[in-house]
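>>> Here is a sequence together with a model predicted from it:
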Amino acid sequence: MGQKRQIRVGSQWLYPDEAQKALSEALRVMKEEGHEGEHHQGFISKYIFSTDHKWIGVQYGFTALCFLMFGFTLMLLMRWQLAFPSKPIPGFIAQFLSDANAPGGIMLPEFYNQLGAMHGTIMVFLGIVPLAVGAFGNYLVPLQIGAPDMAFPKLNMASYWLYAIGGVLMLFSFTLPGGAANSGWTSYPPLSIIATQGQNMWLLGMVFLITSSLLGSVNFIVTIIQLRAKGMTFMRMPFFVWAQLVTSFLLLLAFPPLEAAAVMQFMDRVMDTSFFMPSGLVISGRVLEIAGGGNPLLWQHLFWFLAHPEVYVLILPAMGIVAEVIANNTRKPLWGYRSLVFATIFLGFMSFVVWAHHMFLTGMGTVINAFFQTTTMIISIPSVIILTALIISLWGGSIRFNTPMLFALAFLPMFGIGGLTGLPLGLAAADIHLHDTYYVIGHFHYVVAPGTIFAMFAGIYYWFPKVTGKMLNEKLGKLHFVGSIIFINGVFFPMFIQGLAGVSRRLYDGGAQYAHAQPVLHWNLFMSVSAWLLLAAQLPFIVNFFWSIFKGARATSNPWQATTLEWAATTSPPLAHGNFAEMPVVHRGPYEYSVPGYETRDFLPQHESGEGQPPAVVTPAVLPLGA
Amino acid sequence: MTMKKFLAMMFALLMVFTMACGGGGETASSDEDEGEDDGEEVISTTESSETVTTTPAAAVADAATVMGLVKFEGAAPPVGNLQMSADPVCHQAHPTAVKAEEVVLGAGGELANVFVYVKDYQGAVPAPSAAAVLDQKGCQYRPHVSGVQVGQTLQIKNSDPTLHNVHALAKANKEFNVGQPVQGMVSDKKFDKPEVMMKFKCDVHSWMNSYMGVVAHPYFGVSSAAGTFNINNLPPGTYMLEAWHEKFGTQTQQITVGPKESKQVTFTFKA
């Protein structure tokens, strides 16, 4: 394929072979002329409005980590209220909260609702997706497929800045009268349409975030399809790239309905339309003076049509990262690479026909319920295939228990718990009891917190040397891991117990007013203390992160002895422009570990010919951060 | 597209959305919008008077007094009991059944909870410094009907050991909806426009409601259990009095008061 496909290089359209030659020649000339890594860019175009996929990835990563931390602190505040309902928040924290939110340090229910809605929104849309796709995807996909950059570098920059604007709008909404959005991260009407002004800002923020994701997803798809290095067939792509490709299709196809829905909800709020507002709605004893005739369930359909594929947007890149880390640290080829790929593609398709399992209690009827219940059971199959392949990949491996591997290994059982506890929720009968209880919170947090976020940590520890040229400290890393795995289970496991006892997820006092919640209320303190200790467990990571950037041990270009192009075919960090000193040519699949016949090493990089004596490892030169 | 043009476009886009949002916020004026001039909310445990009294800021030397009586004629409508069992705190606060407060009649037909005010007073009277108080006690508003002057501080207090949310269903003023989860919490509010009557409601306890007349002057009163009300320190002149009752509607009466006169007025509502 691709014989007639042309690529634009500068002002010319060239066939891939010609393009590759032209790029290699340009890089060689630059190198000879001593321009390597310095293109006389100003500070702003290099570090602020950069078009280099690597720097955009770093921008995404740093911003997303800050938002993750912010979203985490919102949750820590909520946990105070749940452990000590209506007791004053300690003064040194309460002083940051206005009297409109916490008079005398006592958290008002409406502020709790803001925290809940914004925790979910920030963690999902401003934290994990930008980290998983924007950061890891941007940085690694071009490197792993042997491309000099993304297909549309300016689109890439626009994607980041739209994301940043969306994030600022979300943060700004806390300062509005009535505070930030407070109708849950799902923003169900009619509640969201009669809510305070913060909801307007939420909707605008979402429009920016969705637009950002759309630009990014188009870019990823085109890059992966068009810019693979010579020899990088689809079945030679690292699994991480496959995960990003399927994720991009999910973002591309699932997000537009929510963008449309967000605009419609915005119109319902500010232009008195009634897309989601029924006639004769009585609120606080008054009939609302609206046109009516709309349907609140329409929002739920549009929202979940995005938000269920979004679950896979959250988990697929994580699986991709875990696969890379596991293959590298077991020193074995991934077990069932093709199964992984086809399971991922199938999972992508199926993720579009399961959305209404979030809506079993809306009275859709048993026929519709049965359909979505069936598709939900079916979609668990590819998930299980992926998890099984990753677990079997461990079998017989000589496992290196370094920090990234520990996080990747922890991902497997944690995601397993998260996935399996989802099955009862996918069965309409069981969901009647479990819907909107803490069981649901426990389920999806196991998927995204000790699941996805642990995978993100694995990725950060694994690729940190690639980005900075420095190694993260292993001792601090292991300390971070041990604290995190203990306390994160302390936070989320008791939620299953509370949820099975019927404690609703949205109570600002954690169920203190309900008789049926009393036997399980004592878990609230346990979970809250675990959450605060989880914060403490992140301190080694934060210290390690910044300390290592400046003082960490220098990394060789391929410290993990990896086979994929981003490690084996370029420096750490890679060249500022063009990524590779010579455009690599790919000869084999991505996981040629424990290759027999080699005495000095046990792996064969993708771009090495492998004929005769194994060539030396690519130049060990290390460039400083940002070069 | 050059970088400069791109940035200009992004900035313009942001401005358009931001402006759209700002405008939207006002036109939406949605149910839970909080007033910009909302007072600070403070924790207070001090007890205060349970009745709202009319205290003009500046007494006029030859001011008159209106002394009124509100009566009801006809068959008394049936009065039901409030069902408070949904919240044990509310239920246990009342050893005996609590009557609904929609119609409170005396033995001789005296009608309580009628808000009477001078409808057409044109002068400017500064708001009193003393705050009016709206208490929530035993899961009922105290008082059930009251008045407050524009610009006067209204202290809304929760005397119950349970959550109340104070939802002011304002039309002329900005609507607000604040939670008071803890006993003794006080929210200070002010209103900047006259509004007769404004309904207060607790969305947690559906039986709880209260009505408040917001007027631009201090010349108003609320009929007591004996059906009587006073409007003090009214400057001499001819005025239109309006009496409002939540079930029986409004009545008006023109009165003329002379210097230092004590004027007797009677309103009679019928079923």
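Nice, I can see it.
>>> only C-alpha atoms for contact and neighbour calcs from this point on.
OK.
>>> now the residue of the stretch 501-627 of chain A found nearest chain B: how far from B:A86?
Nearest residue of the stretch 501-627 of chain A to chain B: A:Q513, at 8.9 Å (Cα to the nearest Cα). A:Q513 sits 11 Å away from B:A86, going by Cα to Cα, to the nearest Å.
>>> Can you pick out the residue with more neighbours from these two?
A:Q513 (14 against 11; other Cα atoms under 10 Å in any protein chain shown).
>>> residues contacting that one?
Under the criterion of Cα atoms under 8 Å, 6 or more residues apart in numbering or on different chains, A:Q513 has no neighbours.
>>> number of nearby residues for A:F70?
With other Cα under 10 Å as criterion, A:F70 counts 18.
>>> which helices and strands does the host helix or strand of it pack with?
For A:F70, the element it lies in under DSSP states H and E is helix A:53-83. Of the remaining helices and strands, those touching helix A:53-83 by 3 or more Cα pairs under 8 Å, 6 or more residues apart in numbering or on different chains; DSSP states H and E are helix A:109-121, helix A:138-145, helix A:153-172, helix A:523-551.
>>> How far does that helix sit from its chain's centre?
12 Å (Cα atoms, centre = their mean, to the nearest Å).
>>> Which positions in the stretch 101-250 of chain B make contact with chain A?
Within the stretch 101-250 of chain B, the positions lying close to chain A (Cα under 8 Å from any Cα of the partner chain) are B:V178, B:G179, B:Q180, B:P181, B:V182, B:K201, B:D203.
>>> is it fair to say the first one lies in a helix?
No: the assignment for B:V178 by DSSP: H, G, I helix; E, B strand; the rest coil gives strand, which leaves it out of any helix.
>>> residues touching the closest residue to B:E101 other than its chain neighbours, list them.
What sits nearest to B:E101 in space, not counting adjacent residues and going by Cα to Cα, 6 or more residues apart in numbering or on different chains, is B:H144, at 7.4 Å. Contacts for B:H144 were tallied using Cα under 8 Å, 6+ apart; they are B:E101, B:N113, B:N209, B:S210, B:Y211.
>>> Ok, A:Y508 next?
Going by Cα under 8 Å, 6+ apart, the list of residues near A:Y508 reads A:Q81, A:L82, A:P85, A:P109, A:Y112, A:N113.
>>> ranges for the strands of the stretch 1-150 of chain B?
B:41-43, B:64-73, B:115-118, B:132-137, B:140-142, B:145-149 (DSSP state E, counting those that start in this stretch).
>>> Output the below-cut-off pLDDT ranges for chain A.
A:1-13, A:16, A:19-20, A:23, A:26-40, A:611-627 (pLDDT under 70).
>>> Show me which residues of it are close to chain B?
Residues of chain A lying near chain B (Cα under 8 Å from any Cα): A:86, A:99-100, A:103-104, A:108-110, A:177-178, A:194-197, A:200-201, A:204, A:269-272, A:284.
>>> As JSON lines, the helices and strands packed on helix A:53-83 with distance to A:G184 and mean neighbour count would be great.
Listed next are the helices and strands packed on helix A:53-83 as JSON lines, based on distance: least, Cα to Cα, whole Å; neighbours: other Cα atoms under 10 Å in any protein chain shown:
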{"stretch": "helix A:109-121", "distance to A:G184": "4", "mean neighbour count": "23"}
{"stretch": "helix A:138-145", "distance to A:G184": "30", "mean neighbour count": "27"}
{"stretch": "helix A:153-172", "distance to A:G184": "14", "mean neighbour count": "22"}
{"stretch": "helix A:523-551", "distance to A:G184": "21", "mean neighbour count": "18"}
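>>> Of those, which is nearest B:P126?
B:P126 sits nearest to helix A:109-121 of all the helices and strands packed on helix A:53-83, at 33.7 Å, using Cα to Cα.
>>> what does the helix or strand that the closest one is followed by rub up against?
Past helix A:109-121, further along toward the C-terminus, the next helix or strand under DSSP H and E is helix A:129. Helix A:129 is contacted from outside by A:V313, A:L314, using Cα under 8 Å, 6+ apart.
>>> Surely B:I255 is in contact with B:E242?
No: judged on Cα atoms under 8 Å, B:I255 makes no contact with B:E242 at a distance of 10.6 Å.
>>> higher neighbour count, the two?
Between B:I255 and B:E242, B:E242 has the larger neighbour count (other Cα under 10 Å), namely 19 against 15.
>>> Quickly find the element holding the more buried one.
strand B:237-245.
>>> by contact count, what packs against that strand?
strand B:115-118, strand B:249-257.
>>> Distance from stretch B:104-119 to the middle of the chain?
16 Å.
>>> now swap in stretch A:145-165 and tell me
Using Cα atoms, centre = their mean, the offset of stretch A:145-165 from its chain centre is 17 Å.
>>> before we move on, what about stretch A:283-299?
Going by Cα atoms, centre = their mean, where stretch A:283-299 is centred and where its chain is centred differ by 35 Å.
>>> Also stretch A:186-195?
On Cα atoms, centre = their mean, the centre of stretch A:186-195 falls 26 Å from the chain's centre.
>>> Sort out which residues of that stretch are buried, please.
A:S187, A:Y188, A:P189, A:P190, A:L191, A:S192, A:I193, A:I194, A:A195 (16 or more other Cα atoms under 10 Å in any protein chain shown).
>>> Report how many residues lie close to the closest residue to A:I345 other than its chain neighbours.
Spatial nearest neighbour of A:I345, chain neighbours left out: A:V246 (6.4 Å); criterion: Cα to Cα, 6+ apart. Applying other Cα under 10 Å, we find 25 other residues in the vicinity of A:V246.
>>> so the helix or strand where A:V246 lies versus helix A:138-145, what angle?
Element membership for A:V246 (DSSP H and E) is helix A:239-270. Put simply, helix A:239-270 runs at 150 degrees to helix A:138-145, going by axes from the mean of the first three to the mean of the last three Cα atoms, to 10 degrees.
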